[in-house]
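Peer 1: Show me the folded form of this:
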Amino acid sequence: MDVRKKAAFFSLFFCLAVITLSWRLSAVALAQKKPLFYLPSVKYLSSVSGTFRPMVAEMMFIKGVLELTEEIPNRVPYLINVFRTAVYLDPKLMSAYFFGGSIVPVKKTDIPLGTAFLEEAASLNPGDWRVPFWTGFNYLQLGEYLKAAEYYQKSSLLPGAPPYLKTNQAMFYYKAGKAEMGIVYLESLAQTITDEQLIKLFQKKIDWLKNIVFLEGKTRKFKELFGFWPKDLNELVQKGLIEKIPDDPFGRGYQLDKNWEENPGKIKSLF
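Peer 2: Coordinates of the predicted model:
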């Protein structure tokens, strides 16, 4: 056996021994009802694993999956760190991104930790559309629609991204109360496409958002003229501010948002 093979064999054996020891320590500790979880540093594992780094990354991923149901002190940061270790050892191990960023943070208060992990690890695999997609989904769960739109847009520009990501941002701008931004985004994007079906979909969404902007402007005008908000959109017609309520291109209709304290004068689409 030449020197290189010996070195590779030693690296693999040593790394497997470290990870096995970690699991053994955890098993013994659990039997004694004293949980103990050990995670070697990324730098250390990277140096000893050599050419077997992807294999070790897979083992770290399995370790994280097996520990998902365990009662662990500082559970979320610990598990994210396990999957972070797997990702740094093998940046192409997409399942580790998904588990660390989306599966581990179950509670809403933990989602920012998963999001921070995905944002940090994105530089390791910048060409995969799924990392910014999962990041955007986390922001969507938190109700941060502008950030969700930002990451969905990043995702939509990468190879392999599904086509629907290109139009989803408009919905997020609408939910964030920024319909005008959605119009600008869609109109600029529509100039870059040639597919007739996609162009028709873009135009429907543009018309939908323009109606919302139009109605919100007339609702604010109503408030200026009469000193109070209208109870429904029919009052805009009755007071002569509009001839009729515009048709919804998607056939669902529009109504005033009843949450006056947070969204005075805002228009909701009927979903």
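
Peer 1: any idea how far residue 113 is from residue 242?
Peer 2: 47 Å (CB to CB, to the nearest Å). Where you see a C-beta, it was placed from the backbone N, CA and C, and this is true even at glycine.

Peer 1: Kindly report the same for residue 70.
Peer 2: Relative to residue 242, residue 70 is positioned 60 Å away (CB to CB).

Peer 1: So for these two, which residue has more residues nearby?
Peer 2: Using other CB atoms under 10 Å as the criterion, residue 70 and residue 242 rank with residue 242 on top: 17 against 13.

Peer 1: That one - that's part of a strand, no?
Peer 2: No - counting by DSSP: H, G, I helix; E, B strand; the rest coil, residue 242 falls outside a strand, being coil.

Peer 1: what about it, distance to residue 218?
Peer 2: Applying CB to CB, the value for residue 242 to residue 218 is 6 Å.

Peer 1: again, but for residue 182
Peer 2: For residue 182, the distance to residue 218 - CB to CB - is 19 Å.

Peer 1: Could you do residue 199 as well?
Peer 2: In terms of CB to CB, residue 199 sits 29 Å off from residue 218.

Peer 1: again, but for residue 47
Peer 2: For residue 47, the distance to residue 218 - CB to CB - is 66 Å.

Peer 1: So which of these two has more stuff around it?
Peer 2: Neighbour totals were compared for residue 47 and residue 218, and residue 218 leads with 20 against 12 (other CB under 10 Å).

Peer 1: for that one, what are its contacts?
Peer 2: If you count contacts by CB atoms under 8 Å, 6 or more residues apart in numbering, residue 218 has them with 236, 241, 242.

Peer 1: Can you tell me which of these is nearest residue 226?
Peer 2: Nearest to residue 226 out of those is residue 241 (CB to CB; 10.0 Å).

Peer 1: Enumerate every residue touching the closest one.
Peer 2: By CB under 8 Å, 6+ apart, the contact set of residue 241 is 218, 221, 222.

Peer 1: which ones among these are found in strands?
Peer 2: Members of the contacts of residue 241 lying in strands (criterion: DSSP state E): none.

Peer 1: got those as TSV, with pLDDT and distance to residue 190 columns?
Peer 2: Below are those laid out as TSV (pLDDT from 0 to 100; distance: CB to CB, whole Å):
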residue	pLDDT	distance to residue 190
218	94	26
221	93	29
222	93	32
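
Peer 1: Residue 168: neighbour count?
Peer 2: By other CB under 10 Å, 20 other residues sit near residue 168.

Peer 1: again with the one 3 residues further on
Peer 2: By other CB under 10 Å, the residues close to residue 171 number 20.

Peer 1: Any idea how many residues pack against the residue nearest to it when sequence neighbours are not counted?
Peer 2: Excluding the flanking residues, the one nearest residue 171 by CB to CB, 6 or more residues apart in numbering is residue 182, at 7.8 Å. By the measure other CB under 10 Å, the count of residues near residue 182 is 26.

Peer 1: what do you get for residue 191?
Peer 2: Residue 191: 9 neighbours (other CB under 10 Å).

Peer 1: Serialize the contacts of residue 218 to JSON lines and add fields for distance to residue 258.
Peer 2: Shown next, in JSON lines, are the contacts of residue 218 (distance: CB to CB, whole Å):
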{"residue": "236", "distance to residue 258": "16"}
{"residue": "241", "distance to residue 258": "20"}
{"residue": "242", "distance to residue 258": "20"}
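
Peer 1: Tell me the one of these nearest residue 193?
Peer 2: residue 242 (32.2 Å).

Peer 1: what's near enough to touch the residue lying closest to that closest one once chain neighbours are set aside?
Peer 2: Among residues not flanking residue 242 along the chain, residue 236 sits closest, at 4.9 Å (CB to CB, 6+ apart). Neighbouring residues of residue 236 by CB under 8 Å, 6+ apart: 215, 218, 219, 222, 230, 242, 245.

Peer 1: C-terminal to the strand or helix carrying residue 236, what's the next element?
Peer 2: Using DSSP states H and E, residue 236 falls within helix 234-238. Next along the chain after helix 234-238, taking DSSP H and E as the criterion, comes strand 254-256.

Peer 1: Done for today, thanks.
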